[in-house]
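A.B. asks: 3D model of this:
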Amino acid sequence: MSSALILLDLQNDFMPGGAWPVEDGAALIKVVNDLIGKFSVIVATQLWHPAGHLSFAASHRGRGAREAPEGAGTTQPLLPTHCVAGTAGAELHPGLDCSVIRHIVRRGLNPQVPADSGFSDADRRMASGLAGILRRARIDSLYLCGLPLETTVLRTVTDAQLLGFRTFVVADACRGRAQPGPDHDRQFDQMRNLGASICQSADLVPHP
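C.D. replies: A predicted model of the protein is given here:
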C-alpha cells in the first residue's frame, strides 16, 4: 500500500481575480508544485458545475449571494457563480504542474446538489469516483492540500476518515476564506478530532 497527494480545487475561480477568490490562494501553487515530487500518485479534484446550478445566487431571481435558497433540500447559502463547466474559471491554475497528475476528478455535476467533498456530492448519492481510483491504486494514506479549508478540505477529511483512509492535511498547502489565525486553528482542531493528522510540507519526505 502507498500514499497519494490529493489536490483539492486549485481552480482559477478560487484564485485572486476569480469569481469567488480565496485570499492568497495563488500562493499555494509553488508549495504544491514542490510537494508533487514527493509522491508517485497525484490526483486533482475539479468542480465542474453546470450553468444554473442550484447553489448559485444567480439561479434565484431576487436573491443575493449568501441568502439560503428555498426548497433546495440544503441549508447551504447561495454562492457566486463559479467553476462552471468549460469556462476558464473552472480550469486548474495555469501555474500548477499538471504533467504529473495521474487523474483529474470532476464533481458538482448534479445541478441540484452542492459538492464540497472531493469524494461525493453533499447528499452522498453521487460519488466522484475518487475513492475507486485510490482503491485500485492500492492507496491507504492521503495527503490533502488545496482550498477552501473550511469547506472542501474539511469535508474531504470527513469522508476520507469514513472510508478508512489514513489522512494527513498539509497545513501550509491549504488556504481558507478566513484569515490565518484562530479560525484556521479551529478548523485544524476539528480535523484532528475526526482522526486526521496535520503536517507541514517541509516535514514530508518522498513516499513510495
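A.B. asks: So which helix or strand of the protein has the lowest pLDDT on average?
C.D. replies: helix 182-194 (a mean of 92; mean pLDDT, DSSP states H and E).
A.B. asks: what about that one, distance to the chain center?
C.D. replies: Remark: helix 182-194 is offset 16 Å from the chain centroid, using C-alpha atoms, centre = their mean, to the nearest Å.
A.B. asks: now swap in stretch 140-149 and tell me
C.D. replies: 7 Å.
A.B. asks: what does stretch 36-50 give?
C.D. replies: For stretch 36-50, the distance to the chain centre is 9 Å (C-alpha atoms, centre = their mean).
A.B. asks: how about that stretch as CSV, C-alpha atoms only?
C.D. replies: Extracted as CSV, the C-alpha positions of stretch 36-50 are listed here (Å, rounded to 0.1, in the frame of the first residue of the first chain):
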residue,chain,number,x,y,z
ILE,A,36,4.4,16.9,-6.2
GLY,A,37,7.9,15.5,-6.5
LYS,A,38,7.5,13.6,-3.2
PHE,A,39,4.6,11.5,-4.5
SER,A,40,4.1,8.9,-7.2
VAL,A,41,0.3,9.2,-7.2
ILE,A,42,-1.2,12.6,-7.6
VAL,A,43,-4.9,13.2,-8.1
ALA,A,44,-6.6,16.6,-8.6
THR,A,45,-10.3,17.4,-8.0
GLN,A,46,-12.1,20.0,-10.1
LEU,A,47,-15.6,21.4,-9.5
TRP,A,48,-17.4,21.2,-12.9
HIS,A,49,-20.8,22.9,-12.2
PRO,A,50,-23.5,23.0,-14.9
